[in-house]
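Undergrad: sharing a model prediction with you, sequence too.
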Amino acid sequence: MKFLILFVIFISSLFANSLQEAVDQASAGAVIKLQNGIYHGNILIKKPLTIIGVGNQVEIRGEGRGSVVRIQSAHVRLKNIIITNSGKNMRSIDAAISLKQVKYCEISHCTLKNVLYGIDMDMVQNSLVLQNDITVAKNDIALRGNALKLYYSHYNTIEANNIHDARDVTLRYSHHNLFQKNKFAHNRFATHLELSNANIFKNNSYMYNSVGMMFMGAKDTQVIANKIYSSTGAAGIGVMIGSVSNFVFTGNSVRYNAKGIYIQGAEKARGMKRFFKNNEIAYNAEACIFTPLSETT
């Protein structure tokens, strides 16, 4: 494997494209090691590659438009990098890191901040998001992007990340993903799962979110040994459940929320099985809310 070492590069017109040039010139499977410094962003990676920050102040700074790092190859790894200054276009999902139609990638020990979206995962499989600090630009909550967005993304592991002060974390049409040991704080919908099956949420911590966990239209979901505390604001819901089947909720602690567990009883939910076992539901203003089945005459 070829090792390519880049020394400190300061932002200037002379060196603006040096990191992209290094990426383009590196052979497949190369390792690029970055010393402390600021590197110009809007990087496109289209080959297997590793980029590692070897200092504590390695920053890839975007140009204020588009996504800062775009990954369009399998077997790409980013580690120990600060990524900032994406664009601000909601429609194009400007993000710190954009992964599109890839497998076996890893984002680890990175800090993502002052961006619209954190990580956008579009048709991503068998990838790892590990021990990152993820937040977004401090706009009004409705104008913030999602810390993490999974769309048609399967068999990924999201582990030990600190996800905070963002809008949502969303899964849509995304199956067989594992979320474990993550911390979610001061978000709107800390995890919002929709039309996604066979996902596992285990040993995560939720604090001071508007809604801790929201499950809408899902099958075979397991929620195990999570702490869901202090959901605040107008909603203030620890766990919201609607139109789920074979839903397992066990060993969780649900405390100090305005509403502990909110279960929707829509007509289409008839016959759907939900299993609640060995949970602690305590010190909530309302422990459990069951909405009635809606009927029309």
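TA: Right, received. Where do you want to start? Numbers count the residues shown, from 1 in each chain.
Undergrad: name the nearest residue to Val169, sequence neighbours excluded.
TA: The spatial neighbour of Val169 that comes closest, neighbours along the chain excluded (Cβ to Cβ, 6 or more residues apart in numbering), is Leu148 at 4.5 Å. Placement of C-beta: from N, CA and C, glycine included.
Undergrad: what's near enough to touch that neighbour?
TA: Neighbour list for Leu148: Gly118, Ile119, Met121, Val129, Ile134, Ile158, Asn161, Ile163, Val169, Thr170 [criterion: Cβ atoms under 8 Å, 6 or more residues apart in numbering].
Undergrad: the last one pairs with what?
TA: Right, the one you point to is Thr170. Lys149, His192 (DSSP bridges).
Undergrad: related to what we said a few turns ago, same list, the contacts of Leu148, but as CSV with secondary structure please.
TA: Output for the contacts of Leu148, formatted as CSV (DSSP: H, G, I helix; E, B strand; the rest coil):
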residue, secondary structure
Gly118, strand
Ile119, strand
Met121, strand
Val129, strand
Ile134, strand
Ile158, strand
Asn161, coil
Ile163, strand
Val169, strand
Thr170, strand
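Undergrad: wait, which of these is closest to Cys110?
TA: Of all the contacts of Leu148, Cys110 sits closest to Ile134, with 8.3 Å by Cβ to Cβ.
Undergrad: quick check, pLDDT for that closest one.
TA: pLDDT recorded at Ile134 is 98.
Undergrad: hmm, it is touching Ile119, no?
TA: Yes: between Ile134 and Ile119 there is a contact under Cβ atoms under 8 Å: 6.9 Å.
Undergrad: neighbour count for those two, which is higher?
TA: Ile119 (31 against 28; other Cβ atoms under 10 Å).
Undergrad: average model confidence for the helix or strand hosting Phe201?
TA: Using DSSP states H and E, Phe201 sits within strand 200-202. Averaged across strand 200-202, pLDDT comes to 98.
Undergrad: again with stretch 43-60
TA: 96.
Undergrad: first-to-last residue distance for it?
TA: Counting by Cα to Cα, to the nearest Å, you get 9 Å between the two ends of stretch 43-60.
Undergrad: got a list of contacts for it?
TA: By Cβ under 8 Å, 6+ apart, the list of residues contacting stretch 43-60 reads 19-20, 23, 26, 28-41, 68-84.
Undergrad: can you list the buried residues in it?
TA: Residues of stretch 43-60 classed as buried: Ile43, Ile45, Lys47, Pro48, Leu49, Thr50, Ile51, Ile52, Gly53, Val58, Glu59, Ile60 (neighbour count, 16 or more other Cβ atoms under 10 Å).
Undergrad: quick one: the helices in the stretch 51-200 of the chain?
TA: Assigned helices in the stretch 51-200 of the chain: none (criterion: DSSP state H, counting those that start in this stretch).
Undergrad: just the pLDDT for the residue nearest the centre of the chain.
TA: The centre of the chain sits closest to Leu148, judged by Cα atoms, centre = their mean, with a distance of 2.6 Å. Looking at Leu148, its pLDDT stands at 98.
Undergrad: next: Arg188.
TA: 95.
Undergrad: mind listing what it touches?
TA: Ile141, Arg144, Ala166, Arg167, Asp168, Asn209, Ser210, Val211.
Undergrad: buried residues, the helix or strand hosting Val223. List them.
TA: Using DSSP H and E, Val223 sits within strand 222-224. For strand 222-224, burial by neighbour count (16+ other Cβ under 10 Å) applies to Gln222, Val223.
Undergrad: just stretch 151-168 next, same as before
TA: Neighbour-count burial for stretch 151-168, counted by 16+ other Cβ under 10 Å, picks out 151-154, 156-168.
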